[in-house]
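> Turn this into a model:
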Amino acid sequence: MALLLIFIVAGLAIQLDWSRMTPSDHVPPVELFAGAMIIFLNYEGFKLIANARTDVRNPAKILSIAYVGGVLITIFLYVLIAIVVLGQLDFEQIKANSDNVLSIAAHDFLRPVGVIVTIAALLATTSAINATSYGAGRLTYTNAKSGELPKELERNIRGQPFEGMFVFAVASLLLVIFLPLNAIATMASAGFLLIFFAVNHANVRRAKDTESQAWISMLGMAACAFALFALCWQVWRVETTPFHVLILVGMIAASFAIEIVYRKAAKRVISPAVHR
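Predicted coordinates for the structure are as follows:
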């Protein structure tokens, strides 16, 4: 974050081309929304906060601050970064360098010091892998305790659920090896939208138990459903990516198939009880 702040401050300190940010250069609202859903993955990290609730002294207070604060900080930084990039590079340059546009922009006005963006990207990737692996290990352990995963994943290694982390790491490597990176981004964003839809649906049914407002969760369901539709529509209409939607459908079907086979084979009783 410190390196990104250097990028932002340095970028705003020099002259920017504000004409590229006028409404005349905006794409249609549906396309803009669909594009936002493709990069939804960049925002979903806040959900990992929930996986640390058992390690927080006052989760009701601390997690609320972490959720809202994390999302607001992310929005604030992303808007400033977008302003700097648009102010430094024209649309053709951004399109031609979409995979490393921040690095190109940084080198444009920071010269040799622009390498800090590459360093920031490596640090951010390391941090994301670390947080996701931690959350995946905790999640697989909790699900195994509830009977939703094989009993072998209930075991701890030196007090930590490392088995789930290892399984998650191997599965992630297989996806990276056999699927295009842009397809993985689409699958991840769509997957999280489906998960958030399911969580909101569950809270609508359990609103009294969770002492929450059901209409807020219903609004969340509607937003997730619309966002998923916009994402799939945008991916399908692009000539080079319609097969991403087919991969998504295949992965959803495979998930249901694996669940059905596992329940019949394992014959474990699924309990909603949460274990530490």
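> now the residue nearest to R20 when sequence neighbours are not counted: how far from V101?
Spatial nearest neighbour of R20, chain neighbours left out: L86 (4.8 Å); criterion: CB to CB, 6 or more residues apart in numbering. For every residue, glycine as well, the C-beta is placed using N, CA and C. As defined by CB to CB, to the nearest Å, L86 lies at a distance of 10 Å from V101.
> returning to what we had before: residues contacting the residue nearest to R20?
L16, D17, R20, M21, I94 (CB atoms under 8 Å, 6 or more residues apart in numbering).
> residue boundaries of the helices in the stretch 1-150 of the chain?
Counting by DSSP state H, counting those that start in this stretch, the stretch 1-150 of the chain has helices at residues 2-13, 29-38, 59-88, 91-96, 101-110, 115-145.
> winner for burial among the ones you listed?
Comparing those by mean neighbour count (mean count of other CB atoms under 10 Å), helix 101-110 comes out on top with a mean of 19.
> Name the helix or strand of the protein that has the lowest mean pLDDT.
helix 29-38 (a mean of 73; mean pLDDT, DSSP states H and E).
> ok, the nearest residue to A266 once chain neighbours are set aside - how many residues close by?
In space, and not counting its chain neighbours, A266 is closest to P150: 6.6 Å by CB to CB, 6+ apart. Per other CB atoms under 10 Å, the neighbour tally for P150 reads 16.
> what's the answer for the one 5 residues further on, then?
Counted with other CB under 10 Å, the burial measure for R155 works out to 12 neighbours.
> where does the closest residue in space to it that isn't next to it in sequence land on pLDDT?
Using CB to CB, 6+ apart and skipping the chain neighbours, the partner closest in space to R155 is E163 (6.2 Å). E163 is assigned 76 on the pLDDT scale.
> got it, and S127?
S127 carries a pLDDT score of 79 in this model.
> Any figure for the gap between it and A121?
11 Å.
> Tell me where the stretch 101-250 of the chain has strands.
Remark: no strands are assigned in the stretch 101-250 of the chain by DSSP state E, counting those that start in this stretch.
> Understood, closing this out.
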